[in-house]
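Got a predicted structure here, sequence first:
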Amino acid sequence: MNNSNNDVKQAVAVSTIFWANRRSEFPIILYRTIVPLLVNCCKEKNTAVRVHAEQALVAMLKLKDPESPVYQKCLKALDSGAAGSLADCVAKMKKAIAKCEIKEEEFDDTLPSNLKEV
């Protein structure tokens, strides 16, 4: 991500996890935008940013479901450089994907609950 603040990077990854668990797929333009950012975050030195980015990729691309076509659709949508980086990133995460538990309790949904009351 182009932002140097690790809190911003974590917030993007956590919000991606939040929405990915509520949708089966996203528009192609969103994959082209967010997936390369998450792949870059998977290379971060900051452990929290790296782990959240990996979990976001797992959730967004439905990597825990071998039957899901989302990962292949995403690879086709990305340009060759980004697709190669994504494939390398996923290959490195293969062992962790089976164990990956995506927890949502970190996401603060205060704003949506406050909007319901208005």
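Thanks, I have it. Everything quoted here is computed from the prediction, not taken from an experiment. Numbering: from 1, shown residues only.

In this protein, what helix or strand scores lowest on average pLDDT?
helix 110-117 (a mean of 54; mean pLDDT, DSSP states H and E).

Who are the packing partners of the longest helix that the chain contains?
Counting by DSSP state H, the longest helix found in the chain is helix 80-99. Helix 80-99 sits against helix 28-41, helix 47-60, helix 70-77, with contacts defined as 3 or more C-beta pairs under 8 Å, 6 or more residues apart in numbering; DSSP states H and E. Every C-beta, even on glycine, is put in place using the N, C-alpha and C of the backbone.

which intervals of this structure have sub-threshold pLDDT?
Along the chain, segments meeting pLDDT under 70 span 1-3, 98-118.

Can you pull up the most central residue in it?
Geometric centre of the chain, nearest residue: Ala56, 2.4 Å, by C-alpha atoms, centre = their mean.

Test my guess that that one contacts Leu38.
Yes. Under the contact definition of C-beta atoms under 8 Å, Ala56 touches Leu38, with a separation of 5.2 Å.

Quick check: neighbours shared by those two?
When contacts are counted by C-beta atoms under 8 Å, 6 or more residues apart in numbering, the set common to Ala56 and Leu38 consists of 13, 16.

buried sites along the longest helix of the chain?
Within helix 80-99, the residues scored as buried using 16 or more other C-beta atoms under 10 Å are 82-83, 85-86, 89-90, 93.

go on, stretch 5-20?
Counting neighbours by 16+ other C-beta under 10 Å, stretch 5-20 gives 6, 9-14, 16-18, 20 as buried.

Distance from the chain centre to that stretch, please.
Distance of stretch 5-20 from the chain centroid (C-alpha atoms, centre = their mean, to the nearest Å) equals 8 Å.

of the buried residues of helix 80-99, closest to Val51?
Distance to Val51 across the buried residues of helix 80-99 (C-beta to C-beta) is lowest for Met93, with 10.6 Å.

just the helices and strands packed on helix 80-99: most buried one?
When you average the neighbours per residue for each of the helices and strands packed on helix 80-99 (mean count of other C-beta atoms under 10 Å), helix 47-60 leads with a mean of 22.
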